[in-house]
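Undergrad: Below are the sequence and a predicted model; questions follow.
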Amino acid sequence: MEQYKIEEVALDQPNLFAKKDSGITRKLQYSKYLNTGQVVVISGVRRSGKSTLLKQFSDRLTNYNYINFDDERLVDFRIQDFNTLLQIWQKHFRSKNILIDEIQNVPSWERFVRRIHDEGYKVFITGSNSKLLSSELATHLTGRYKNLELFPFSFIEFAEFRKESIDLKTTSNKAKAAKLFEEYLFNGGFPEYAKSRDKEFVKKTYEDVIYRDIISRYNIRESKAFRLLSNYLFTNFTKETSYGSLKKVLGFKSSTSVREYVSRLQEAYLLFELYKYDYSLKKQYTSNKKIYAIDNGMRNEISFQFSEDRGRLLENMIFIELKRRGKELYYFKNKKECDFIIFEKNKITEAIQVATVVSPENRDREVDGLLEALEMFKLREGCIITEHQKEKFEMGGKTIKLVPVIDWLVDKKLLNKNQLSRNS
């Protein structure tokens, strides 16, 4: 690119960035990333708040250089242009802090980031594609970066953004929290939705990811089939599936194509695969997977909906919250099934079942699946996250807790513990 064009963008963007709303403080340790000598990599789905988080980091710096590569004026920017950009920054800003948005849009970006890091610059970067980031980082920045995966708002962040206090001490306040939770359960936590309540924004974000980040980037020719697969998975989220069954149901020519397309959806943070836990890694990879969506609101906007979806929306929301807390998750299935088991420090440490309500009709199924997981992994207690029930009882020598979902979402002990351990 010509220098004057790069300089124009390099001077325009920081002015706009400086005026950007810093938003609410996210539930993470800012000092952990500001005080590290490593490159800070913020990754996550489009419009989850990565640029706003970058702005929050900039507010804690005395000065900085900034550029956003999700700008049509930089479409021809190449790796050789980075040196020109660096010279422009040195001329106008003279800062050792560099903030770069959507860096994956520039091929071979990691070579530049490694060089400036080695030269003593403090670097923050954001990106919306996990594979493009992770493969380059693993190759060129091993041991030099700290990853921070950002998700749409948690329930607590959603409430703070709406300036709502979650106080569960009185009946009146519990009712307010329940009303807010109902909206969050069905409409999700994308920051722009929390601000505008515009569901069309969520749908447009999905379309941008599908076309710009996947179909266009990877030149997917079977775009209609790809979209059909995506819609099918969003509609059938939380259910077990396999590449072979998807091939048959949707008429794909091979399971390999299905596997590749599902991987693209994961890389863009639209969907997640949950593996069945097994001591054999081979069996883990070949067993059926369960599919979860990045956000309930997005899922509801682009899929077919059914009356029984409430329970699945609750399960999906719990899954995303566990991911947000940095947990390594699996599902358990033997004779019975348990929704989530958590792997920490080389062993299973928790088992969690999710049910809107535990009733006489489903009690055996929900409790027996949890008990089987507790017995298998020698755990003393487990929990069933419900909508409203709170109970504690002993069964089969194990302690079973029924925990209301709002209590679980706002449990300060859990949040503080996970805030210290997540996103390393």
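TA: In hand now; what should we look at?

Undergrad: Restrict the helix or strand L53 falls within to CA atoms and write it as PDB.
TA: Remark: L53 resides in helix 50-59, with elements defined by DSSP states H and E. Taking Å, rounded to 0.1, in the frame of the first residue of the first chain, the C-alpha atoms of helix 50-59 are listed here in PDB:
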ATOM      1  CA  LYS A  50     -13.400  -7.500  21.900                       C
ATOM      2  CA  SER A  51     -12.800  -3.900  20.700                       C
ATOM      3  CA  THR A  52     -14.500  -2.500  23.800                       C
ATOM      4  CA  LEU A  53     -12.300  -4.600  26.000                       C
ATOM      5  CA  LEU A  54      -9.300  -3.300  24.000                       C
ATOM      6  CA  LYS A  55     -10.600   0.200  24.700                       C
ATOM      7  CA  GLN A  56     -10.700  -0.600  28.400                       C
ATOM      8  CA  PHE A  57      -7.100  -1.800  28.300                       C
ATOM      9  CA  SER A  58      -6.200   1.500  26.400                       C
ATOM     10  CA  ASP A  59      -7.800   3.500  29.200                       C
END
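
Undergrad: Of all the residues in it, which ones are buried?
TA: Residues K50, S51, T52, L53, L54, K55, Q56, F57, S58 are the ones in helix 50-59 that count as buried (16 or more other Cβ atoms under 10 Å). Heads up, the C-betas are built off the backbone N, CA and C, glycines and all.

Undergrad: The first one reaches E149, doesn't it?
TA: Just to be clear, that refers to K50. No: using Cβ atoms under 8 Å, K50 is not in contact with E149, being 10.0 Å away.

Undergrad: joint contacts of these two?
TA: Common neighbours of K50 and E149 are listed as S43, G44 (criterion: Cβ atoms under 8 Å, 6 or more residues apart in numbering).

Undergrad: Kindly present the buried residues of helix 50-59 as CSV, with separate columns for distance to N346.
TA: Formatted as CSV, the buried residues of helix 50-59 follow (distance: Cβ to Cβ, whole Å):
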residue, distance to N346
K50, 32
S51, 37
T52, 36
L53, 31
L54, 35
K55, 38
Q56, 35
F57, 33
S58, 38
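
Undergrad: Which one of those is nearest to G311?
TA: K50 (31.0 Å; Cβ to Cβ).

Undergrad: For the residue lying closest to the closest one once chain neighbours are set aside, give the beta-bridge partners.
TA: Nearest non-adjacent residue to K50, counting by Cβ to Cβ, 6 or more residues apart in numbering: T126, 4.1 Å away. Assessed by DSSP bridges, T126 has beta-bridge partners I42.

Undergrad: Report the contact partners of T126.
TA: Per Cβ under 8 Å, 6+ apart, neighbours of T126: V41, I42, S43, K50, S51, L53, L54, I100, D101, E102, I103.

Undergrad: Determine how far the host helix or strand of F234 lies from the middle of the whole chain.
TA: Element membership for F234 (DSSP H and E) is helix 223-235. On the basis of Cα atoms, centre = their mean, to the nearest Å, helix 223-235 sits 20 Å off its chain's mean C-alpha point.

Undergrad: What is that helix packed up against?
TA: Helix 223-235 is packed against helix 243-250, helix 255-267, strand 271-275, helix 296-302, with contacts defined by 3 or more Cβ pairs under 8 Å, 6 or more residues apart in numbering; DSSP states H and E.

Undergrad: so which of these comes closest to L28?
TA: strand 271-275 (19.9 Å).

Undergrad: ok and that closest one relative to helix 255-267, angle-wise?
TA: Orientation check (axes from the mean of the first three to the mean of the last three Cα atoms, to 10 degrees): strand 271-275 against helix 255-267 gives 110 degrees.

Undergrad: what would the helices and strands packed on helix 223-235 look like in CSV with mean pLDDT, mean neighbour count and distance to I6?
TA: Putting these into CSV (pLDDT from 0 to 100; neighbours: other Cβ atoms under 10 Å; distance: least, Cβ to Cβ, whole Å) gives the following:
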stretch, mean pLDDT, mean neighbour count, distance to I6
helix 243-250, 96, 16, 44
helix 255-267, 97, 18, 29
strand 271-275, 98, 18, 36
helix 296-302, 95, 23, 35
